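**Student:** Below: sequence and its predicted model.
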Amino acid sequence: MSLALCLQAASRATQLLSSGSTLNCGRFIASQGRSLAAWMQASTSDALEGLQSRAASSLATTSQPSTSFSQSHFALAPRPGPLTVAYPFPLQYLKDREGVVYDLQKRPRGVEKLEGAVFNVPVRVDILHRVVRYLRAKWQQGTHKTKRKSEVSGGGKKPRPQKKTGRSRQGSIRSPLWKGGGTTFGPVPRSHAHKLPINVQRLGMKCALSAKCNEGRLVIVDSLALEPGTPLKTKEMVQRLDSLMAGVPGSTALLVDSGPRSVDGGPVLRRVARNIDSVDVMAVEDMTVYHMLKRHALIITKPALDQLVSSLTEPQTPRKKPLRAAWWQRQQAAFDQATADLLAAET
């Protein structure tokens, strides 16, 4: 029984029901119910077999696309848009990368896996602009203020009579029309902050990290603390930064550690690097897209990198409407369970 026959059967049952023949409608539905159930079961099994065969063919032949269904429909990598930064070399988005972990002498100490969902996404200029504009608007003090007519000192006496002078009517010398008077609709202290979705902020951080990786401006070190026995001098830190920046485009750097009291940087790092104009030092929880784009290179410790990746990959915790969030979690759990049951039934 095809889909067209099912639609014809449904329209026939509707006609019988609208004509008032409830008994005939019930008999018709009972006669067609078995065929409809058989067609639905057969269609479901055919669809599952087709999906399984297409998945097997796509895994077996990765070089040739499937003839019945294009592999582009299953692609998870996003397509670069007109506002995506174009690099002169091919990129395979969302593919995991590898980064070398160095010490302060730039000697290799290991290899760190960089998740493609964080370090290999399309670099969108519009997202970076939105995030930087959001941050700068939030940081703006907003202490601008001008005095209104009532706030300017003086002007309590009427400057001249209302009539019989031949001049204009004035009530105060502090009127906005007078020199030294108040300001009409002048700026007042306010907040310039505006809202930006959390997912856009996280996407901006991923775009900035991906840009650093694509341009070779990301340097991973095991620790930014000076070796034991090394004099705590700015000169020593400058020498090590010169070693780390060798081969990296640019002359400025952002040093990121786990925190102001951490062992991979901490107060010693902030002390020896505070007099270097081309270097900023901050903790990973304080780092933003603006700070990354402001400096040429990003030098980050491995513990700080792990903390950053975990904050960008963990699920977002709902701040408002906990009942709705709980309902969505139950729906997601039910969907996952149904998917698992379907896969188990296939095997």
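**Tutor:** Yes, it's here.
**Student:** just for this protein, where's the confidence low?
**Tutor:** 1-78, 317-320 (pLDDT under 70).
**Student:** cutoff 90 now
**Tutor:** When residues are selected by pLDDT under 90, those of the chain lie in 1-82, 226-232, 314-329, 332, 336, 339, 343-347.
**Student:** residue ranges for the strands of it, please.
**Tutor:** Applying DSSP state E to the chain gives strands spanning 97-102, 108-114, 218-221, 253-257, 279-283, 297-301.
**Student:** Can you give the strand pairings for the third one, parallel or anti for each?
**Tutor:** If I follow you right, that is strand 218-221. strand 97-102 (parallel), strand 297-301 (parallel) (DSSP bridges).
**Student:** Most tightly packed of those strands?
**Tutor:** Mean neighbour count (mean count of other Cβ atoms under 10 Å) peaks for strand 297-301 among the strands paired with strand 218-221, with a mean of 25. Where you see a C-beta, it was placed from the backbone N, CA and C, and this is true even at glycine.
**Student:** Can you give the distance of it from its chain's centre?
**Tutor:** Chain-centre distance of strand 297-301: 20 Å, with Cα atoms, centre = their mean, to the nearest Å.
**Student:** Give me the angle between that strand and strand 279-283.
**Tutor:** 40 degrees (axes from the mean of the first three to the mean of the last three Cα atoms, to 10 degrees).
**Student:** would you put the C-alpha positions of strand 297-301 in PDB?
**Tutor:** What follows is strand 297-301, C-alpha atoms only, in PDB (Å, rounded to 0.1, in the frame of the first residue of the first chain):
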ATOM      1  CA  ALA A 297      50.900  36.000  20.100                       C
ATOM      2  CA  LEU A 298      49.200  34.000  22.700                       C
ATOM      3  CA  ILE A 299      51.500  32.200  25.100                       C
ATOM      4  CA  ILE A 300      49.500  30.000  27.400                       C
ATOM      5  CA  THR A 301      50.400  27.300  29.900                       C
END
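**Student:** In a markdown table: the strands of the chain, plus distance to A344.
**Tutor:** Formatted as a markdown table, the strands of the chain follow (distance: least, Cβ to Cβ, whole Å):
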| stretch | distance to A344 |
| --- | --- |
| strand 97-102 | 35 |
| strand 108-114 | 31 |
| strand 218-221 | 42 |
| strand 253-257 | 45 |
| strand 279-283 | 46 |
| strand 297-301 | 43 |
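**Student:** For V123, find the nearest of the ones you listed.
**Tutor:** Across the strands of the chain, V123 has its closest neighbour in strand 218-221 (13.1 Å, Cβ to Cβ).
**Student:** what does that closest one rub up against?
**Tutor:** Identification of contacts with strand 218-221 by Cβ atoms under 8 Å, 6 or more residues apart in numbering yields 99-104, 112, 119, 209, 212, 244-245, 248, 297-302, 305.
**Student:** Quick one: distance of stretch 142-152 to the chain centre.
**Tutor:** The chain centroid and the centroid of stretch 142-152 are separated by 39 Å under Cα atoms, centre = their mean.
**Student:** buried ones in that stretch?
**Tutor:** Within stretch 142-152, the residues that qualify as buried by neighbour count (16 or more other Cβ atoms under 10 Å) are 148-149, 152.
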